[in-house]
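Student: Make a model of this:
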Amino acid sequence: MKRRKRFHTKFIFITGGVLSSLGKGLAAASIGALLEARGLRVTFQKLDPYINVDPGTMNPFQHGEVYVTEDGAETDLDLGHYERFTSAQMSAKNNYTSGKIYYSVITKERKGIYLGGTVQIIPHVTDEIKSVILELAGKEVDVAIIEIGGTVGDIESLPFLEAIRQLGYDLGKENALYIHLTYVPYIKTAGELKTKPTQHSVKELRAIGIQPDILLCRTDRFLPPEIKKKIALFCNVEEDAVITAKDVDCIYEIPLIFHQEGLDEKIVEKLNIWTREPDLTPWQDLVKRFKNPKDEVTIAIVGKYVNLKDSYKSLNEALIHGGLANHLRVNLKYVLSDELTPENLGEFFQDVDGILVPGGFGIRGVEGKMLAIKYARERGIPFFGICLGMQLAVVEFARHKLGWKEAHSTEFEPNTPYPVIYLMKEWYDYRKGTRERREEGCDLGGTMRLGAYPCLLAKDSKVYQAYKQNQIYERHRHRYEFNNLYREAFEKAGLRIVGTSPDGELVEIVELEDHPWFVGVQFHPEFKSKPLNPHPLFVDFIRASFERKKA
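Tutor: As a prediction, the model looks like this:
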């Protein structure tokens, strides 16, 4: 008889059916939040079926934002949900794509590791998938939550589904749990909830060899007992394992809905884990603040990806977190930078309390973003520039305060006589303790400064008042830097350098004197903001915006 390998870590596998965008990432994150509230230590992994090695070079319209981890991995946006809802810290090992898996298998084949054998999907690709999942196991992790991207029935996700099917056998029943997120539509004309899509989705999953233990049914209302009973009967699950995943206005209410439905109790029962009762008080307080704000502010987000809100997912959430900390509702007004002209700025910004220009790549919309920055600078509107937003604030200041009309970033104008933002050829990497070089023309990822880097703050600055500490660590995703040749001229004219790398070589934060709140940062603070621990810069930005509204 084959003896199964013993693991301290339990595994939860989350799949989705019927259609995409049902919210598997939020469901996984909410399950993690519930298990943490019971005292368990959790981690996550997102397995994506697409062939790209990572989403780093993908258009945000295709795949939403690229989320950056502390170690500099460019990952799926769902890893942002995992970090926001729990204390788990993500890294490169928490996101794998088909491209990454196949790349590893092909590399091994070229090195002769398969001893000249025929390399196949089963067992070689599926074994590679199983190995990256099992890497998460360890004494420091009680439960690993694995989300399989795509929809059951897609040809791309079949190797991942086969791998987790095999793991169910390898690990044993009390160590592996399958949760399937599906859809129960309400047909308004018939006045009925329809279970057939769920039945077909589960049938498809069972045909692959996976019997779900728990069903999360995405719907716009709580499922009545007779509907749960019907789903349980035809999908071969226990009646109390049919869970309503109800639509909510506040995503941070999802853990409370799941707990109300008994999901966390069912999970610990199925996995045979002893835990304490969950303490959900922080989440209850958070949702209460969200639903009962004392006032509201309107923030304009000026970008070129505004037609897809997922392009700025972490940013949107960080602004909401800043509002919650100030007991305010934050209304987000998306402004397409391409549409801005000197004549229509008042039309777009007359009703806003703060302006934010986020990161991005490419020249489209750059001039419109600088018009928005100039408008905020001249009218005393709180302004927050992030990554490219900070760089364009530097360019705008150079043009209109220093009089350098042709100033630009060499990203957009290589021959500018005033390259105030440029591609620094060499810089010191504090994580590696080495000097790194960046060359024009190397692969797109190779020129990036990615992940968390230290930054020293000037004590007489607004950012120091927000952080209340001398040194911070923030996550970066950019190529171009502030050109130190022009540092003195900027400071004399009133644009202060208030945050730098420890050696003073890299400019990380600029701040405008004689302005209520005008801050540009080279990094992406939104990646470290959580609802229960909002980022100090967003808290301060929303506070300043509200103060302007009251004035």
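Student: quick one: Lys459 from Gly138, how far?
Tutor: 41 Å (CB to CB, to the nearest Å). For the C-beta atoms, the positions are set from N, CA and C on the backbone; glycine is no exception.
Student: My error: substitute Met58 in the last question.
Tutor: Distance from Met58 to Gly138, by CB to CB: 31 Å.
Student: For the stretch 1-150 of the chain, which segments count as helices?
Tutor: 24-37, 60-63, 78-85, 98-110, 126-134 (DSSP state H, counting those that start in this stretch).
Student: and these, which one's lowest on average pLDDT?
Tutor: For the helices of the stretch 1-150 of the chain, mean pLDDT drops lowest on helix 60-63, to a mean of 64.
Student: TSV please, covering the helices of the stretch 1-150 of the chain and showing distance to Ile14 and mean neighbour count.
Tutor: Output for these, formatted as TSV (distance: least, CB to CB, whole Å; neighbours: other CB atoms under 10 Å):
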stretch	distance to Ile14	mean neighbour count
helix 24-37	5	25
helix 60-63	19	15
helix 78-85	10	26
helix 98-110	18	16
helix 126-134	13	18
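Student: so can I have a markdown table of those helices showing distance to Leu423?
Tutor: A markdown table is the format used below for the helices of the stretch 1-150 of the chain (distance: least, CB to CB, whole Å):
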| stretch | distance to Leu423 |
| --- | --- |
| helix 24-37 | 34 |
| helix 60-63 | 22 |
| helix 78-85 | 28 |
| helix 98-110 | 27 |
| helix 126-134 | 34 |
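Student: Tell me which of these lies nearest to Gly365.
Tutor: helix 60-63 (12.8 Å; CB to CB).
Student: so who does the spatially most central residue of the chain touch?
Tutor: With distances taken as CA atoms, centre = their mean, Gly80 lies nearest the centre of the chain, 2.9 Å away. Going by CB atoms under 8 Å, 6 or more residues apart in numbering, Gly80 touches Glu65, Tyr67, Lys313, Ser314, Glu317, Phe527.
Student: pLDDT-wise, what's the bottom of those?
Tutor: Scoring those by pLDDT puts Glu65 last, at 89.
Student: surely Leu193 meets Tyr186?
Tutor: Yes. Using CB atoms under 8 Å, Leu193 is in contact with Tyr186, at 5.3 Å.
Student: More neighbours: the two, which one.
Tutor: Shown here are Leu193 and Tyr186; by other CB atoms under 10 Å, Leu193 has more neighbours (20 against 12).
Student: need the strands for the stretch 451-551 of the chain, in chain order.
Tutor: 471-478, 481-482, 495-500, 507-512, 518-521 (DSSP state E, counting those that start in this stretch).
Student: Identify the residues contacting Ile472.
Tutor: Counted by CB under 8 Å, 6+ apart, Ile472 has contacts Pro454, Cys455, Leu457, Gly499.
Student: quick one: which of those residues is most hemmed in?
Tutor: Gly499 (27 neighbours).
Student: what's the neighbour count on the nearest residue to that residue once chain neighbours are set aside?
Tutor: Once flanking residues are discounted, Gly499 sits nearest to Ile509: 2.9 Å by CB to CB, 6 or more residues apart in numbering. When neighbours are counted by other CB under 10 Å, Ile509 registers 28.
Student: Please look at Ile509 and Leu456 and confirm they touch.
Tutor: No. When contacts are counted by CB under 8 Å, Ile509 is not listed as touching Leu456 (9.8 Å).
Student: Show me whatever sits in contact with both of the two.
Tutor: In contact with both Ile509 and Leu456: Gly499, Thr500, using CB under 8 Å, 6+ apart.
Student: Can you show me the strands along the stretch 301-450 of the chain?
Tutor: 328-336, 354-357, 383-386, 408-409, 419-422, 426-429, 434-437, 449-457.
Student: okay, those in CSV with mean pLDDT and distance to Ala551 next?
Tutor: Shown next, in CSV, are these (pLDDT from 0 to 100; distance: least, CB to CB, whole Å):
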stretch, mean pLDDT, distance to Ala551
strand 328-336, 96, 15
strand 354-357, 98, 13
strand 383-386, 98, 16
strand 408-409, 96, 34
strand 419-422, 95, 32
strand 426-429, 63, 41
strand 434-437, 68, 46
strand 449-457, 94, 27
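Student: Tell me which of these lies nearest to Glu367.
Tutor: Using CB to CB, the strands of the stretch 301-450 of the chain put strand 408-409 closest to Glu367, at 10.4 Å.
Student: neighbours of the residue lying closest to Val330 once chain neighbours are set aside, just the number please.
Tutor: Once flanking residues are discounted, Val330 sits nearest to Gly323: 3.6 Å by CB to CB, 6+ apart. If you count neighbours by other CB under 10 Å, Gly323 ends up with 28.
Student: One more: the one 4 residues further on?
Tutor: His327 has 13 neighbours, counted by other CB under 10 Å.
Student: Tell me who's in contact with the closest residue to Gly359 other than its chain neighbours.
Tutor: Counting by CB to CB, 6+ apart, Gly359 lies nearest to Cys387, which is 3.2 Å off, once chain neighbours are set aside. Contact partners of Cys387, counting by CB under 8 Å, 6+ apart, are Pro358, Gly359, Gly360, His476, Arg477, His478, Val521, Gln522, Phe523, His524.
Student: So the spatially closest residue to Cys235 that is not a sequence neighbour versus Leu271, what's the distance?
Tutor: If you skip the residues right next to it in sequence, Cys235 has Val202 as its closest partner in space, 4.2 Å away by CB to CB, 6+ apart. For Val202, the distance to Leu271 equals 21 Å [CB to CB].
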